Every structure is written in structure tokens, then in C-alpha cells.
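Student: Sequence isn't available, so here's the structure alone:
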């Protein structure tokens, strides 16, 4: 089941613009390795779920997977071949707004080589360019 908010104040949101780099959620906190976005964009709830399944299948019993993004933006669309006017359209899917530098997924309890392979599988599914990052020791 794809992620979506339980309730929202407004059903339809405007598109907006992705400006600047992520200042929050941009370092690995929960796991040892993370998958960080290099460019901005929208990641749909279906894509997040597909990534979760792909990573979970690889990690299986030995590691732990953390999802660091949540889809809070409703994306609307009008049916094809509809005349102008008649409003904005119904919510089509939910998406997470991702700025450059946002950590999307994290894993712990597996080796760096295993994390590399796991995140390579996820990178194919993501609509934004990503890279592997390690946890910074304070």
C-alpha cells in the first residue's frame, strides 16, 4: 500500500518550485549508509514503495532499512481531451518533494559492499540522480 497522509488541511496543492539545497534531512542519522539525492524533483508514493520492496528483498534478515521521505504533496491531473475550464482536476497521486542533498533511504547492519549493491538497485527506480553517503562520525 502506497504512503499518503491520513488527513490534510487542503486537498489540492500548487506546484511550487524547488529552490536551493536541503538544509534538513541531509545527513545520515539512523543507519550507517544512506542514499542521497543529487538533484531536486518529486518522488511519488509508488516509487518510494517500489524502492522499499527492492531494498527489503536485498537486506532481508541481517540489516535494517529506514525511509527518510514521506509523500505530502498531492499531484492533480485532468482527464485527457478535456476542454479548458472546469477546474484543476482530481488528486492523481501523492509525491514527496526532494531537494538536492536530501537523504531518501538509509540502511544499517550490512557491509559497505552490500549497501552499494542494495542502493544500486534503488537508484534505477528513482526519478532523481542519487549517490551513496556514509554516516559522519561526530
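Tutor: Structure received. This one's a predicted model, so the numbers in the text were calculated from it and none came from an experiment.

Student: Do I have it right that residue 27 meets residue 106?
Tutor: No - checked against CB atoms under 8 Å, the pair residue 27 and residue 106 is beyond contact range at 10.1 Å. (Glycine included, C-beta is placed from N, CA and C.)

Student: Could you confirm residue 105 falls within a strand?
Tutor: Yes - counting by DSSP: H, G, I helix; E, B strand; the rest coil, residue 105 falls inside a strand.

Student: in the sheet, who's paired with it?
Tutor: With DSSP bridges applied, residue 105 shows beta-bridge pairing to residue 35, residue 67.

Student: Is it in contact with residue 53, as I believe?
Tutor: No - Residue 105 is beyond contact range of residue 53, at 11.9 Å (criterion: CB under 8 Å).

Student: Between these two, which has more neighbouring residues?
Tutor: Using other CB atoms under 10 Å, the more surrounded residue of residue 105 and residue 53 is residue 105, with 24 against 11.

Student: separation between that one and residue 130?
Tutor: Distance, residue 105 to residue 130, by CB to CB, to the nearest Å: 9 Å.

Student: shared neighbours of the two, anything?
Tutor: Residues touching both residue 105 and residue 130 by CB atoms under 8 Å, 6 or more residues apart in numbering: 35, 119, 122.

Student: what kind of secondary structure is the last one in?
Tutor: In the three-state summary, residue 122 is assigned as helix, counting by three-state DSSP.

Student: Please name the nearest non-neighbouring residue to it.
Tutor: For residue 122, ignoring the flanking residues on the chain, the nearest one in space by CB to CB, 6 or more residues apart in numbering is residue 51 at 4.7 Å.
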